[in-house]
Structure formats: structure tokens, C-alpha cells
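Colleague: Sequence below, structure please.
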Amino acid sequence: MNRSIDSAEHRDTPTLLCVPFAGAGASYFHPWRALTAGRWRLVAVELPGRERRIMEDPFSSVVETAEDLIDDVAAAAVEGERTVLFGHSLGAVVAYELTHLLTARGIPVERLVVSGASGPWTQREVRATGLPDEEFLARIEDFSGFRHEALDHPEMRELILPVLRADCEMHENYVPSTDEPVPVPITSVRGGSDALVTADQARQWQRATTGGFGYTELPGDHMYLVDRAPELLDLIGNAALHEGATGRRVASEP
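Modeller: Numbering: from 1, shown residues only. Model prediction:
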């Protein structure tokens, strides 16, 4: 198994390749495997600095992160007849860069599903990078409406905080590697009460594709996927099944 890939072995099913959000590891997606009910070969990407790659320094650049991951991701993608990429927040822009790299290699991507993220050319006006620890964590909690209980344990916090800082920095400083859109349909998903990403910002992803585009909302805030994983997986499956590479829009505002 490749160092940055955590895969469920179902090689005759489509691949759902998931990129975690800031501070998270590949294990976040382990419960999703049961929820997919065999619809997907779920592949979770492991970024440096966490879980199986805990001894590696985290990157502070989205583009460098994607370049580090691409060989393992490409190998995982070619094992399936169909591949859909999914990323939430930071994971969305990493998945976008991976989509560019995969298509440059001639590896087909059926769909990119971006979640809880502004379009790739929009940077946050309110930032957390560089703040002292307590202010930084308070700002992150304010952004996401979520605080991981591990941050309340000193030993776990010591491990998580540097990774969370690096992830936050790379997301807040992200500049796309190219202004060219991807030739891959994009579905943008947002929690309906997300205070970090507005509906207009989530719709900006339409500019990032020359393929089809769909936008939809699910109940919840920025971290809606914690409680809405089954609905999100249904949405991903329906978009991939019905829209595929044809560009026909299936996702819309409620």
C-alpha cells in the first residue's frame, strides 16, 4: 500500500478518492466505507504530518502537497474504471490541484466534488495564520463551528497544533498553480448555514471547470459532513451516476 493512500480493496467498483480537511487524517473517512454500501472503492489520501506519515513535516503549500501526493493518487486512480475526487475545505483545493495533475497525465477524472470551499481564486479576508495558540484555535473554532475534543488534551494538542497551523497557512495562502479551468465536471456542496463560505463563494467553482457544474446545499454549518455523511455520499453518487462526463446539471439549490 502506498504511503499516502489508504484504500479499501474493491477493484471492480468505481473509485471515490477523498482528501481530508485541515488537521484531519485518512482515518476520518474510514466510517464512510460502511456507508458506501459497496458503491465505491473508497481511497483516502494521507497528507504528511499525520497518522501513518506522522514523522514527516507537513507542507505549507497546497501545490507542493498535491505534487507530493500525485504518484500515489495516480496509481490509485488507474486501478478503477471511474474515479471521482472529493475534498472538504482545504481538501477541496488540494483535490482541485490533483485533478489538474491527473488530467495532465491523461488519467480521466469523472467528477470533482468540492465541499465547504470558496472558488480557487478567492482567499479568506479574515485569517488565522500567525495568531498565538489560543487566538488561533478560537479563530479556527469560529470559522468551522467545530472543536475537536483532542485539542483539550495537552499531549494530543502538541501533536495536532503544528499540523493544523500548517494546513491553515497553506489554505489561506493558496494560489492556484494555473488560471486554466479543469476539463472535469464540478459539483460544489455547502452547509446551508456555513458562516465561513457563502453561497456565492461556493458557486465560484463554476469558473474552475469547462465541464458541467452543479451546486447544492445540505443542512448544517461548515462541518455539516460530520452529521450528514450518508446524504453527502448519496449526493456524490447521484451526481456521478446521472451527470457523469456529460455536463448535465443535477444538483441545485434547495
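Colleague: CA atoms for contacts and neighbours, from now on please.
Modeller: Will do.
Colleague: Ramachandran coordinates for the closest residue to residue 20 other than its chain neighbours?
Modeller: Excluding its sequence neighbours, the residue lying closest to residue 20 (Cα to Cα, 6 or more residues apart in numbering) is residue 91, at 5.1 Å. For residue 91, the backbone dihedrals are phi -60, psi -30 (criterion: degrees, to the nearest 10).
Colleague: Run a quick neighbour tally on residue 91.
Modeller: Applying other Cα atoms under 10 Å, we find 27 residues neighbouring residue 91.
Colleague: Give me the pLDDT for it.
Modeller: On the pLDDT scale, residue 91 is placed at 96.
Colleague: got it, and residue 185?
Modeller: For residue 185, pLDDT reads 96.
Colleague: And it, how far from residue 211?
Modeller: To residue 211, residue 185 is 4 Å away according to Cα to Cα, to the nearest Å.
Colleague: Mind telling me what element the residue nearest to the spatial centre of the chain is part of?
Modeller: By Cα atoms, centre = their mean, the chain has its centre lying nearest to residue 87, at 1.5 Å. Assigned by DSSP states H and E, residue 87 belongs to strand 83-88.
Colleague: Just checking the distance from that strand to the centre of its chain.
Modeller: Put simply, strand 83-88 sits 6 Å off its chain's centre (Cα atoms, centre = their mean, to the nearest Å).
Colleague: buried set for it?
Modeller: Of the residues in strand 83-88, 83-88 count as buried by neighbour count, 16 or more other Cα atoms under 10 Å.
Colleague: partners of it in the sheet?
Modeller: Strand 83-88 pairs in its sheet with strand 15-19 (parallel), strand 111-115 (parallel), by DSSP bridges.
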